[in-house]
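>>> Provide a 3D model corresponding to the input given below.
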Amino acid sequence: MVSKRFYRWLKVFGKVESERMPVRKVWDHAIDVKEDFKPSKAKVYPLSRNEREEVQKFVDKHLKKGYIRPSKSQQTLKEANGTVSLVSEVPTPSRN
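Numbers count the residues shown, from 1 in each chain. Reported below is the predicted structural model:
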């Protein structure tokens, strides 16, 4: 049940309206990292096959809708010993 004072916004939460991106605004922008940025290592949570499939469905659905875009950032990190690690970008405090 929705309070009458919110009725004027009901269509925003409908299926059609909720599956489109809002109109671009001047404050929309990319977040670019510095060229010398080195992501800090973070552990990736192990997922079961079913969980990985669900995550993939979610990503595919939201890519198709345009809610998300493929990352331009590096997602793997080659170690000195030759192994490759999956990297999760973890924000770290600025060191200015």
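>>> all strands for this protein, in order.
Counting by DSSP state E, one finds strands in the chain at the ranges 76-78, 84-86.
>>> what mean pLDDT does the first one get?
By that I understand strand 76-78. Regarding strand 76-78, the rounded mean pLDDT is 60.
>>> give me the pLDDT for the residue nearest to the spatial centre of the chain.
Nearest to the mean C-alpha position of the chain, by Cα atoms, centre = their mean, lies Ile68 at 6.0 Å. Ile68 carries a pLDDT value of 83.
>>> who touches Lys4 in this structure?
Counting by Cβ atoms under 8 Å, 6 or more residues apart in numbering, Lys4 touches no other residue. Glycine gets a C-beta too; all of them are placed from N, C-alpha and C.
>>> doesn't Val59 make contact with the residue nearest to the centre of the chain?
Yes. If you go by Cβ atoms under 8 Å, Ile68 and Val59 touch, sitting 7.2 Å apart.
>>> check the offset of the longest helix seen in the chain from the chain's centre.
When the chain is parsed with DSSP state H, its longest helix is helix 49-65. Offset of helix 49-65 from its chain centre (Cα atoms, centre = their mean, to the nearest Å): 12 Å.
>>> what does it contact?
Residues contacting helix 49-65 (Cβ under 8 Å, 6+ apart): 19-21, 47, 68-70.
>>> which pair in those residues spans the largest distance?
Greatest spatial distance in these: Arg20 and Leu47, 29.7 Å, computed using Cβ to Cβ.
>>> neighbours of Lys41, how many?
Neighbour count for Lys41, taken as other Cβ atoms under 10 Å: 13.
>>> next one: Arg8
Counted with other Cβ under 10 Å, Arg8 comes out at 8.
>>> just use 22 as the starting number from now, easier for me
New numbering, starting at 22: the last item is Arg29.
>>> if I pick it, what's in contact with it?
By Cβ under 8 Å, 6+ apart, no residues touch Arg29.
>>> how near is it to Gly35?
13 Å (Cβ to Cβ, to the nearest Å).
>>> go on, Asp49?
With Cβ to Cβ as the criterion, Asp49 and Gly35 are 23 Å apart.
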